[in-house]
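Undergrad: Sequence first, then the predicted structure, then my questions.
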Amino acid sequence: MSHPPADRPSGSETVTTDGPSRTPVPEGTIPVAVALLIAGIATYAFFVIGNDAVGGDEAFEPIVSLWFATFALAPGFFLPLEQELGRALAHRRAIGQGTRPIVVKVVRLAAVLVAGIVAVILLASPLITSGYFDGEWIMLFALIGAFVAYAPAHLARGICSGSGRFRHYALIMGSDGIVRIALCVVLAAIGITAVGPYAFAVAASPLVAVAWVWRRGGLVTDDGPPASWKEVAPNLGWLLVGSVFAAMLLNAGPITASLLADESEDAFVTRFSYGVLLARIPLFLFQAVQAALLPRLSRLAARGEFDEFRAGLTRLLLLVVGVAVVGTSGAFILGPWAIEFVYDAELGSATLAALALASGVYMMALALAQAVIALQGHVLVALGWGLAVASFVIVTWATGPELFRRIEYGLLASSITAVVVFGLALRQRLASGAEPDQGSVMEAITDLPLEG
């Protein structure tokens, strides 16, 4: 299959293919995998530097709350727009049509979405500020700023992936964390200890790479025929529902802890969040590996080679199980040492192992969900993540008096629920003979909810 150069900024967007089963995504998986690893490392560095700069766990707790709220909201609402934009652009490139009308339509939709969510945040601002940010109004405005800033970042990524400019895509994804660390280091070096400037470092970081890529011509598109909503967003509704629920579940632990813990537990909320981040190390690594593995599975499914598809998916899931077992065992044995070494904090082996196990099961759920999306099971994926969130709420509410133990049980139960639903959904899609199209394949490969 021949493709245009990955970062070509010229107006031409036509591609040729040697068959309908091939997809324009695989050549971009290595840059995306590298970007995911960079983003993961940058996350840990920001927490270490920021905590030290503002004066410790208790002072850093508002930043922790902002962080997990941002990465529940922004990917939840904007990742589906990125996916549908990339899918629609790739389709037009394949048939030799200009893509600018698609971009204009999705940008308008994103503007409406941003305005609506910001309006809801402002209407609920007294409750959010008092109940979640402990009265810190600066955190609320930083949350709004971050939400607004991630809209152009996700749209730019959709343009880059749909246009075959995967190095630009990876640059936008990976440089976010690097810019954030650079801003954090500068603030710390000049002696800033107030949390506000560090909060706005989180908010502003995604815009730098977008501006650079735009100036380099990486977001150039050609004129083309008018775009209909059917062409732009055939699966957007279900993708949006599933994405919001998946992002909520991924960040549910620290958000719930911030909402329900009393003021005397602020320092422990921060330490608990450190545990969540450490438990995500296998998930960061797996998503990077998965970005390189999924295209082959998608090509097999697109060719109708379902026996090979099942075998490849089985190997992928066995890899998830192995990573989960190693991660959980490592968290129990080495976790307390690791969290003290990295964050100079204390957290018990049982807590770290429970968080790692929940993260490992979430990995399996994510892999299954991507396979179901590739087989055009968008409705089933939205249903699965919704049931998982419901199970988190029920289990966290119903189990025992100890807050953080209840959250751990809730996280594990919700991930198990998602695995069961997606496993049944995948079995149903395969049994029905469902075959993916190019759009569902791209949506599956770009379904990477872990960013923060």
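TA: Nice, thanks for sending it over. Residues are numbered from 1 along each chain as shown.

Undergrad: just for the stretch 151-300 of the chain, where's the confidence low?
TA: Applying pLDDT under 70 to the stretch 151-300 of the chain flags residues 287-300.

Undergrad: in which helix or strand would I find the nearest residue to residue 208 once chain neighbours are set aside?
TA: Closest residue to residue 208 apart from its sequence neighbours, by Cβ to Cβ, 6 or more residues apart in numbering: residue 179 at 4.7 Å. Backbone N, C-alpha and C define where each C-beta goes, glycine included. Element membership for residue 179, per DSSP states H and E: helix 166-189.

Undergrad: got the buried residues for that helix?
TA: 166-181, 183-185, 187-188 (16 or more other Cβ atoms under 10 Å).

Undergrad: same question, stretch 230-240
TA: 231, 232, 233, 234, 235, 236, 238, 239, 240.

Undergrad: ok, those vs residue 50, which is closest?
TA: Among the buried residues of stretch 230-240, residue 240 lies closest to residue 50 (Cβ to Cβ), at 31.1 Å.

Undergrad: Kindly export the helix holding residue 179 (C-alpha atoms) in CSV.
TA: C-alpha atoms of helix 166-189 as CSV (Å, rounded to 0.1, in the frame of the first residue of the first chain):
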residue,chain,number,x,y,z
PHE,A,166,1.5,10.7,12.3
ARG,A,167,4.7,12.4,13.4
HIS,A,168,2.7,15.6,14.0
TYR,A,169,0.1,13.6,15.8
ALA,A,170,2.7,12.1,18.1
LEU,A,171,4.3,15.5,18.6
ILE,A,172,1.0,17.0,19.8
MET,A,173,0.4,14.0,22.1
GLY,A,174,3.9,13.7,23.6
SER,A,175,4.9,17.4,23.9
ASP,A,176,1.9,18.2,26.1
GLY,A,177,3.7,16.6,29.1
ILE,A,178,7.1,18.0,28.2
VAL,A,179,5.7,21.6,28.0
ARG,A,180,3.9,21.1,31.3
ILE,A,181,7.1,20.0,33.0
ALA,A,182,9.1,22.9,31.5
LEU,A,183,6.5,25.4,32.9
CYS,A,184,6.6,23.6,36.3
VAL,A,185,10.4,23.8,36.5
VAL,A,186,10.4,27.5,35.6
LEU,A,187,7.8,28.3,38.2
ALA,A,188,9.7,26.3,40.8
ALA,A,189,13.0,27.9,39.9
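
Undergrad: Can you name the next helix or strand after that helix?
TA: Note on helix 166-189: by DSSP H and E, the next helix or strand toward the C-terminus is helix 195-215.

Undergrad: tilt between that next one and helix 166-189?
TA: 150 degrees (axes from the mean of the first three to the mean of the last three Cα atoms, to 10 degrees).

Undergrad: other SSEs contacting the next helix or strand after helix 195-215?
TA: Scanning forward in sequence from helix 195-215 by DSSP H and E, the next helix or strand is helix 229-232. If you count contacts as 3 or more Cβ pairs under 8 Å, 6 or more residues apart in numbering; DSSP states H and E, helix 229-232 packs onto helix 57-95, helix 100-123.

Undergrad: So which residues make contact with helix 229-232?
TA: The contact list for helix 229-232 (Cβ atoms under 8 Å, 6 or more residues apart in numbering) reads 84, 85, 88, 91, 102, 105, 106, 109.

Undergrad: Alpha carbons only: can I get stretch 63-83 in CSV?
TA: Provided in CSV are the C-alpha atoms of stretch 63-83 (Å, rounded to 0.1, in the frame of the first residue of the first chain):
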residue,chain,number,x,y,z
ILE,A,63,-3.6,20.2,41.8
VAL,A,64,-4.3,16.5,42.1
SER,A,65,-8.1,17.2,42.0
LEU,A,66,-7.7,19.4,39.0
TRP,A,67,-5.5,16.8,37.2
PHE,A,68,-7.9,13.9,37.4
ALA,A,69,-11.0,16.1,36.6
THR,A,70,-9.3,17.5,33.5
PHE,A,71,-8.4,14.0,32.2
ALA,A,72,-11.9,12.7,32.9
LEU,A,73,-13.5,15.6,31.1
ALA,A,74,-11.2,16.4,28.1
PRO,A,75,-10.6,13.0,26.6
GLY,A,76,-14.1,11.9,27.5
PHE,A,77,-15.7,14.6,25.4
PHE,A,78,-13.1,15.3,22.8
LEU,A,79,-11.6,11.9,22.0
PRO,A,80,-14.8,10.9,20.0
LEU,A,81,-14.6,14.1,18.0
GLU,A,82,-10.9,13.3,17.3
GLN,A,83,-11.8,9.7,16.3
